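**Student:** structural data only, the sequence is not supplied:
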């Protein structure tokens with residue numbers, strides 16, 4: 001195991017994994033962050049493609065990620081994460097939507113979403129409560145709001161003359 005830390009507009013992100021496979025992306029204060037001992041040694045040259053793609057994402061130049069990932073967890077959690085991966089950039093789905101898609105209860109889905117180890121890469125910030133309300137996010141609601149706004153299409157610029 002190894003890890004690297006990269007800066008982002010929402011604070012430092014810790015990327016964890018083996019070889020070139022990312023197994024975790026964590027925020028400071030992440031709710032479900034594993035013990036730091038599980039991160040392995042720090043290697044500031046680790047995961048260069050993932051770091052680059054995250055920078056492109058935050059710059060508004062990337063909508064999808066193409067880096068090798070592996071998320072460990074129970075079958076139900078992995079099914080939830082697979083459904084999250086289907087939510088398009090700039091869109092949202094509710095916990096109920098995901099529950100109907102995989103056959104579970106919204107609160108079970110919520111718990112699995114909270115255990116997603118691949119924040120941003122598997123965009124759990126796109127999962128919202130009923131009626132679009134922002135609900136829990138392992139990185140905090142301010143980060144969730146930032147990420148959703150980052151993905152929001154720019155408003156039409158009608159009527160400007162310059």
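**Tutor:** Cool, got the structure. As the structure is a computational prediction, the values presented were derived from the model and not from experiment. Numbering: from 1, shown residues only.
**Student:** and the pLDDT for residue 32?
**Tutor:** You'll see residue 32 listed with a pLDDT of 71.
**Student:** ok, residue 135 next?
**Tutor:** Turning to residue 135, the model gives it a pLDDT of 85.
**Student:** so what's residue 78 up against?
**Tutor:** Contact analysis of residue 78 by CB atoms under 8 Å, 6 or more residues apart in numbering lists residue 71. In short, each C-beta sits where N, CA and C put it, glycine included.
**Student:** ramachandran angles for residue 5?
**Tutor:** Residue 5 adopts backbone torsions of phi -120, psi 130, taken as degrees, to the nearest 10.
**Student:** low-confidence regions, the chain specifically.
**Tutor:** Along the chain, segments meeting pLDDT under 70 span 33, 154-162.
**Student:** how is it divided into domains?
**Tutor:** 2-58, 75-151 (automatic domain parsing).
**Student:** end to end, how far does the last one reach?
**Tutor:** Meaning domain 75-151. Using CA to CA, to the nearest Å, one end of domain 75-151 lies 29 Å from the other.
**Student:** now that domain, how far from the centre of its chain.
**Tutor:** For domain 75-151, the separation from the chain centroid amounts to 9 Å (computed by CA atoms, centre = their mean, to the nearest Å).
**Student:** tell me the secondary structure for residue 91?
**Tutor:** Per DSSP: H, G, I helix; E, B strand; the rest coil, the local secondary structure of residue 91 is coil.
**Student:** excluding chain neighbours, what is closest to it?
**Tutor:** Once flanking residues are discounted, residue 91 sits nearest to residue 126: 6.5 Å by CB to CB, 6 or more residues apart in numbering.
**Student:** quick check: the one you found touching residue 148?
**Tutor:** Yes - contact status for residue 126 versus residue 148: in contact at 7.3 Å, counting by CB atoms under 8 Å.
**Student:** can you check which residues contact both of the two?
**Tutor:** By CB under 8 Å, 6+ apart, the residues touching both residue 126 and residue 148 are residue 92.
**Student:** counting neighbours, go ahead and name the busier of the two.
**Tutor:** Set side by side, residue 126 and residue 148 show more neighbours around residue 126, with 21 against 18, by other CB atoms under 10 Å.
**Student:** in what helix or strand does residue 149 lie?
**Tutor:** helix 141-151 (DSSP states H and E).
**Student:** list the buried residues in that helix.
**Tutor:** By 16 or more other CB atoms under 10 Å, the buried positions in helix 141-151 come out as 143, 144, 146, 147, 148, 150, 151.
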